[in-house]
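Asker: structure here, sequence nowhere to be found:
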């Protein structure tokens, strides 16, 4: 598959984005103008102007001398299909969106068309920009707060920094959990970490348990690491658990609840994920024992 990158200085005011790219691409690959436009739409083009480097999606953008176009073409990345998220609540200034397992929060220099933020930008009505306020691992599903202005992003980020946003998770784990409450405190990357696991249900036949999870800290992969450390790895965890590419289910870890006071209206927002999008103990148990 074709993969290359271009870094093109702009030398005149009348330079055309598409013309510059088309001429340069001929030396590297036989890309049509249509293929170049699709790549730009999917986030493969960046504009460097002064100290700023931003994604550029408009081929009719006016260029200036000393601008630099950076074009990153990766046929494999661009061929990836975007998963479907769900808009749970739209509060205009920000939204709460369900991110499925396998959908990334962040893009790369090569593209961002499969990210939850780009999905939000293209699916919300009316269309608005989308800014991440917090993140979920690519493999983790669940509720995400997406801001639609820099003002909203700053306000919501401030709530997270002050720990004024409550997040709750559910996880399906291997093993039959006997304790009603387990508090895990093993440090992660030499930093304090605190996770509470509480029993919700189990499948004796599949030897898996459904747990409610509360976190006091937000270390990378915290829930997955603590679950594995306790001897109850999350079902479908290919990184810290015992799943592999032949495991028939995705990671069974989902952010199911968000609660906070809206920084714009002072109203309490208490958002719960619908049952149909939460970990399915019965369905996963049948899949694992079939």
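Answerer: Nice, I can see it. All figures in this text were calculated on a predicted structure; none of them were measured in a lab.
Asker: neighbours of residue 63, how many?
Answerer: Neighbour count for residue 63, taken as other C-beta atoms under 10 Å: 21. For glycine as for every other residue, the C-beta is placed from the backbone atoms N, C-alpha and C.
Asker: which residues touch it?
Answerer: By C-beta atoms under 8 Å, 6 or more residues apart in numbering, the contact list for residue 63 reads 10, 13, 15, 16, 17, 47, 69.
Asker: relative to residue 42, how far out is the fifth one?
Answerer: For residue 17, the distance to residue 42 (C-beta to C-beta, to the nearest Å) stands at 15 Å.
Asker: so which of these two has more stuff around it?
Answerer: Using other C-beta under 10 Å as the criterion, residue 17 and residue 42 rank with residue 17 on top: 24 against 21.
Asker: burial count for the nearest residue to the more buried one once chain neighbours are set aside?
Answerer: Among residues not flanking residue 17 along the chain, residue 59 sits closest, at 4.8 Å (C-beta to C-beta, 6 or more residues apart in numbering). Close neighbours of residue 59, defined as other C-beta under 10 Å, add up to 16.
Asker: next: residue 194.
Answerer: Residues near residue 194, counting by other C-beta under 10 Å, number 15.
Asker: so which helix or strand takes in residue 47?
Answerer: Using DSSP states H and E, residue 47 falls within strand 45-49.
Asker: helices of the stretch 101-250 of the chain, start to end?
Answerer: In the stretch 101-250 of the chain, the helices defined using DSSP state H, counting those that start in this stretch lie at 116-123, 150-161, 222-229.
Asker: output the contacting helices and strands for the second one.
Answerer: This means helix 150-161. Applying 3 or more C-beta pairs under 8 Å, 6 or more residues apart in numbering; DSSP states H and E, one finds that helix 150-161 contacts strand 131-132, strand 141-147.
Asker: report the residue spans of the stretch 51-200 of the chain with pLDDT below the cut-off.
Answerer: The stretch 51-200 of the chain contains no residues with pLDDT under 70.
Asker: can you give me the strands in it?
Answerer: Remark: strands assigned in the stretch 51-200 of the chain by DSSP state E, counting those that start in this stretch are 52-55, 68-74, 86-90, 94-99, 131-132, 141-147, 166-174, 181-184, 195-203.
Asker: closest one to residue 258 among those strands?
Answerer: Nearest of the strands of the stretch 51-200 of the chain to residue 258, taken as C-beta to C-beta: strand 141-147 at 5.0 Å.
Asker: distance from that closest one to the middle of the chain?
Answerer: Relative to the chain's own centre, strand 141-147 is displaced by 8 Å; criterion: C-alpha atoms, centre = their mean, to the nearest Å.
Asker: and residue 115, what does it touch?
Answerer: Contacts of residue 115 by C-beta under 8 Å, 6+ apart are 103, 104, 105, 106, 107.
Asker: hmm, 10 Å instead?
Answerer: 43, 82, 85, 99, 103-108, 121, 130, 132, 138 (C-beta atoms under 10 Å, 6 or more residues apart in numbering).
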